[in-house]
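**Q** Sequence plus the predicted model coming up.
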Amino acid sequence: MKRFNWKLIGIVSLWIIGLGAVVTSLAFTEIRQQRVLCKKIEININREDENYFINKQDVLKILYSTGDSLVGTSIQRIPVSLLERLIKLNKYVEDADIFIDIKGKLQVNVHQRKPMLRIMNSASQSFYIDEKNSFMNKNFIF
């Protein structure tokens, strides 16, 4: 008669129970997330100096440019990556990071580009060049 390896059976059983618990908790988390609504938008703009090229109202305009109301919307329906790309298209934004916490707060972190040089032409038009030698205003005529 063959003996069972009870230690191996116990280890395999614990792994199966643990895996089942993880899958079950993920399923409940997914169901809970579908019910969470966006309650608040918090915007943080990181500026390294005293130059203010973009403000919270500008960021809010970009966020609402998709036409959807964000506050009161299910967090599953908010296009976070699209909103991030739209903010990064702004000529004064170096980087943007958007995420939603489990309580429904839409957190928007914007890093403003740092101007290093201002250039003016004879028509009194001006533009800035940032620390990475990129133009901050593309509408300049030489």
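**A** That came in fine, so what should we check first? Source: prediction; values computed, not measured.
**Q** residues of stretch 72-90 that come out buried?
**A** Neighbour counts using 16 or more other CB atoms under 10 Å place 75, 78, 83-84, 86-87, 90 of stretch 72-90 among the buried residues. Just so you know, the C-beta spots here come from the backbone N, C-alpha and C atoms, and that holds for glycine as well.
**Q** now these as JSON lines including pLDDT, distance to V22 and secondary structure?
**A** As requested, those are arranged in JSON lines below (pLDDT from 0 to 100; distance: CB to CB, whole Å; DSSP: H, G, I helix; E, B strand; the rest coil):
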{"residue": "I75", "pLDDT": "82", "distance to V22": "22", "secondary structure": "helix"}
{"residue": "I78", "pLDDT": "84", "distance to V22": "26", "secondary structure": "coil"}
{"residue": "L83", "pLDDT": "90", "distance to V22": "31", "secondary structure": "helix"}
{"residue": "E84", "pLDDT": "92", "distance to V22": "29", "secondary structure": "helix"}
{"residue": "L86", "pLDDT": "92", "distance to V22": "36", "secondary structure": "helix"}
{"residue": "I87", "pLDDT": "92", "distance to V22": "35", "secondary structure": "helix"}
{"residue": "N90", "pLDDT": "86", "distance to V22": "41", "secondary structure": "coil"}
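**Q** what two of the residues you listed have the greatest distance between them?
**A** Greatest spatial distance among the buried residues of stretch 72-90 (CB to CB): I75 and N90, at 23.8 Å.
**Q** circling back to that earlier point, just name the closest of the buried residues of stretch 72-90 to K56, please.
**A** Using CB to CB, those come closest to K56 at I87, 12.0 Å.
**Q** What sits closest to the closest one if chain neighbours are left out?
**A** A96 (4.0 Å; CB to CB, 6 or more residues apart in numbering).
**Q** Three-state assignment for that neighbour, please.
**A** On the three-state scheme (DSSP: H, G, I helix; E, B strand; the rest coil), A96 is labelled strand.
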